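K.L.:
Return atomic coordinates for the entry below.
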Amino acid sequence: MGNMMRGVSDRDKHEKDTFDSSPNGLEDEMMVVLQDYPSPDISEPIFRMGEKLRIIAPEAYWWRVRSVQTGKENYIPNSHVARVYHGWLFEGVERQKAEELLCLAGNRVGSFMVRESTKERGLYSLSVKHRGVKHYRILRLDNSWYYISPRLTFQCLEDMINHYSDFSDGLCCALTSPCLSGVTPPSDASPVAPPVVMRRNFDWRKVDRGQLVGTESCSDNNMVSYGVRNSIASYLSFSGSQNKARTRAESRKKKSKSVYTVPNNGLANIDYEEDF
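P.N.:
Take a look at the predicted model:
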């Protein structure tokens, strides 16, 4: 397997050469939204943080994209997105933004991303969601092999990801899935509240006891719902059981008292205690 750094660089060069000549091929390019656009303070966002996009047509500072989740097409500033290769290699994502993305709902323990430095191309870090988010610097040898721990070196980043997906081997946990692979952005449609049915002018004094605990009155015309009747019946049954248990306990208590007759043989000074 060839060195991944060379593969990524060659791919970037090829993309720049083909942006104008074959725009249809750009739909295979994956991007992720780094922050809601536009800001919720301005209007309802068209694209939300963590949403996956495909490039339709890039321009100088604005790219026309299509949402993978919703299918919406629109323009977004290139400063609000980051390219994603292989599902886990995020281009130009800073540490804080990586933590925000990994903490989105849907990312589980072991979700990860490899992010390229925003300052120097070719420098990478591994970010992993655990109890928090852990970050590991990925270093390179003179022969361009990669490593996190010097005792384990890998010819390319893909080999490294494959290894740490099988074994934690010093990391906080084994890698499970790329960041955002299972995230579905919230729907724009607001949830519909369930209807509330109320009966006005309800007078408990007019309710017959049979309507509360009786099993024969289960028709729709009953003033008390089935749930209320069931709750009341359960309460009365529980209260009745407790009262019966208390009565039985008091009865046993009375029966267990021993009755003594003080003999006339000079032992009148002995104090006898009731035997419980």
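
K.L.:
so residue 68 sits right up against residue 50, yeah?
P.N.:
No - shown here, residue 68 and residue 50 do not form a contact pair, counting by Cβ atoms under 8 Å, at 11.2 Å. Quick note: C-beta positions are derived from backbone N, CA and C, even for glycine.

K.L.:
Comparing the two, which residue is more hemmed in?
P.N.:
Taking neighbours as other Cβ atoms under 10 Å, residue 68 and residue 50 compare with residue 50 leading, 25 against 14.

K.L.:
And the more buried one, how far from residue 33?
P.N.:
Computed as Cβ to Cβ, to the nearest Å, the residue 50 to residue 33 distance reads 6 Å.

K.L.:
go on, residue 98?
P.N.:
Using Cβ to Cβ, one obtains 14 Å as the distance from residue 98 to residue 33.

K.L.:
and what of residue 88?
P.N.:
Distance of residue 88 to residue 33, computed by Cβ to Cβ: 17 Å.

K.L.:
Which one of those two is surrounded by more residues?
P.N.:
Neighbours per residue (other Cβ under 10 Å) separate residue 88 from residue 33, with residue 33 holding more: 24 against 21.

K.L.:
So that one sits against residue 83, correct?
P.N.:
No - with contact taken as Cβ under 8 Å, residue 33 and residue 83 are classed as non-touching, separated by 11.9 Å.

K.L.:
any idea how the chain splits into domains?
P.N.:
Partitioning the chain according to automatic domain parsing yields domains covering residues 4-166, 204-255.

K.L.:
Report how many residues lie close to residue 178.
P.N.:
Neighbours of residue 178 under the rule other Cβ under 10 Å: 19.

K.L.:
does it have beta-bridge partners, and which?
P.N.:
In this structure, residue 178 has beta-bridge partners residue 112, where bridges are defined by DSSP bridges.

K.L.:
Let the chain start at 28 from now.
P.N.:
Noted, 28 is the first residue going forward, which turns the last one into residue 205.

K.L.:
Pull the contacting residues for it.
P.N.:
Listed by Cβ atoms under 8 Å, 6 or more residues apart in numbering, the contact partners of residue 205 are 114-115, 138-140.

K.L.:
Let's see that with 7 Å instead.
P.N.:
For residue 205, the contact set (Cβ atoms under 7 Å, 6 or more residues apart in numbering) comprises 114-115, 139-140.

K.L.:
Same check on residue 202?
P.N.:
When contacts are counted by Cβ under 7 Å, 6+ apart, residue 202 touches 137, 139, 155, 188, 191-192.

K.L.:
Narrow those to those in strands?
P.N.:
Secondary-structure check on the contacts of residue 202 using DSSP state E: residues within strands are 139, 155.

K.L.:
Helices along the protein, start to end?
P.N.:
Taking DSSP state H as the test, the helices found in the chain are 31-45, 122-129, 184-193, 236-240, 253-282.

K.L.:
Quick check: residue 95 vs residue 102, distance?
P.N.:
Taking Cβ to Cβ, one finds residue 95 at 17 Å from residue 102.

K.L.:
Check residue 123 too.
P.N.:
Separation of residue 123 from residue 102 (Cβ to Cβ) stands at 26 Å.

K.L.:
Show me which of the two is the more surrounded one.
P.N.:
When neighbours are counted by other Cβ under 10 Å, residue 102 comes out ahead of the other of residue 123 and residue 102, with 15 against 9.

K.L.:
Correct me if wrong: the more buried one contacts residue 87.
P.N.:
No - Residue 102 is beyond contact range of residue 87, at 11.7 Å (criterion: Cβ atoms under 7 Å).

K.L.:
Which of the helices of the chain has the lowest mean pLDDT?
P.N.:
Per-stretch mean pLDDT for these is lowest at helix 31-45 (a mean of 39).
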